[in-house]
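Asker: Structure, please.
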Amino acid sequence: MSEPLGESAVTALVLAVGRGDRSAGDPLVRSTQRDIWRFLVYLVGHADAEDLTQETFVRALSSAHQFTGRHHARAWLLAIARHVAADHFRAAACRPRTVSVPDWQASAERSRAHHLPGPDDTVALNLAVRTLPAARRAAFVLTQVVGLGYAEAAKLCGCPVGTIRSRVARARRDLASVLAPASRPRPALPRRPTLVTASNVPTRGYDVTAANVP
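Answerer: Numbers count the residues shown, from 1 in each chain. Sure thing, here's the model as predicted:
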């Protein structure tokens, strides 16, 4: 997997794809797929994140000619991912939810009961994040998982920076109250949760292999 590129390099790649340079597609995907996948994992879960990562890049590569370079390309890609997730939720609106509140509460309780800091805690955190209200979840994931600045996240979400800060603070309080044992002091919520490894996701002539997340 290629190392993530800086914003200017990513922007240059998107502009190149938009001009018809297919050779720019693969490095664009390799350098940004990790952020897109991590974002989608927290929005829709691991089971659907791989397919939606693929769909995000299919849409991005086919619409790159519309990208003007006035905004950061990574934020543009995340906006596409957010639309993909929204379409996914609309399509699944009539299906029963696969993750219920008792499910993630039970997972959190199991990890606390055994004092496990590894995979069980990760699963509990992932599931708990998915129960946050959509606005808080997006703000939390964009800033605390993907690593966008508050100003960038605000532009992406279409709200003031102060609103993003408030949503993140509330999200962290919500998650801490769910994940912290009642019998001992509440631990600090990790700012960069560790996710499990995704499998390969090929698509339409480009190498859209989902990144391994350490």
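Asker: Specify which residues of this structure, grouped into ranges, have pLDDT under the cut-off.
Answerer: Within the chain, the stretches with pLDDT under 70 are 1-4, 92-124, 181-214.
Asker: burial of Val17, as a residue count?
Answerer: 25 (other Cβ atoms under 10 Å). In short, each C-beta sits where N, CA and C put it, glycine included.
Asker: Ile80: which element?
Answerer: For Ile80, the element it lies in under DSSP states H and E is helix 73-91.
Asker: Please determine how far Ile36 is located from Ala75.
Answerer: 11 Å (Cβ to Cβ, to the nearest Å).
Asker: do the same with Leu13
Answerer: Counting by Cβ to Cβ, the separation of Leu13 from Ala75 is 14 Å.
Asker: With adjacent residues omitted, what lies nearest to Phe89?
Answerer: Leaving aside its sequence neighbours, Phe89 sits nearest to Val44 (Cβ to Cβ, 6 or more residues apart in numbering; 7.7 Å).
Asker: re earlier: Ile36 and Ala75: which has the busier surroundings?
Answerer: Neighbour totals were compared for Ile36 and Ala75, and Ile36 leads with 27 against 19 (other Cβ under 10 Å).
Asker: quick one: what helix or strand has that one in it?
Answerer: Using DSSP H and E, Ile36 maps to helix 25-44.
Asker: now the helix or strand just after that helix and helix 73-91, what's the angle there?
Answerer: The first helix or strand that comes after helix 25-44 along the chain, using DSSP H and E, is helix 46-63. Angle, helix 46-63 to helix 73-91, by axes from the mean of the first three to the mean of the last three Cα atoms, to 10 degrees: 120 degrees.
Asker: which other helices and strands contact helix 46-63?
Answerer: In terms of contacts (3 or more Cβ pairs under 8 Å, 6 or more residues apart in numbering; DSSP states H and E), helix 46-63 is packed against helix 25-44, helix 73-91.
Asker: on that earlier part again, and for the helix holding Ile80, what's in contact with it?
Answerer: Helix 73-91 is contacted from outside by 7, 10-11, 13-14, 32, 35-36, 39-40, 43-44, 48, 52-53, 55-56, 59-60, 63, 67, 138, 142, 146, 148, 152, 155-156, using Cβ atoms under 8 Å, 6 or more residues apart in numbering.
Asker: just stretch 136-151 next, same as before
Answerer: Applying Cβ under 8 Å, 6+ apart, the external contacts of stretch 136-151 come out as 35, 38-39, 42-43, 74-75, 78, 82, 129-130, 132, 152-153, 156-157, 161, 163-165, 167-168, 170-172, 174-175, 191-193.
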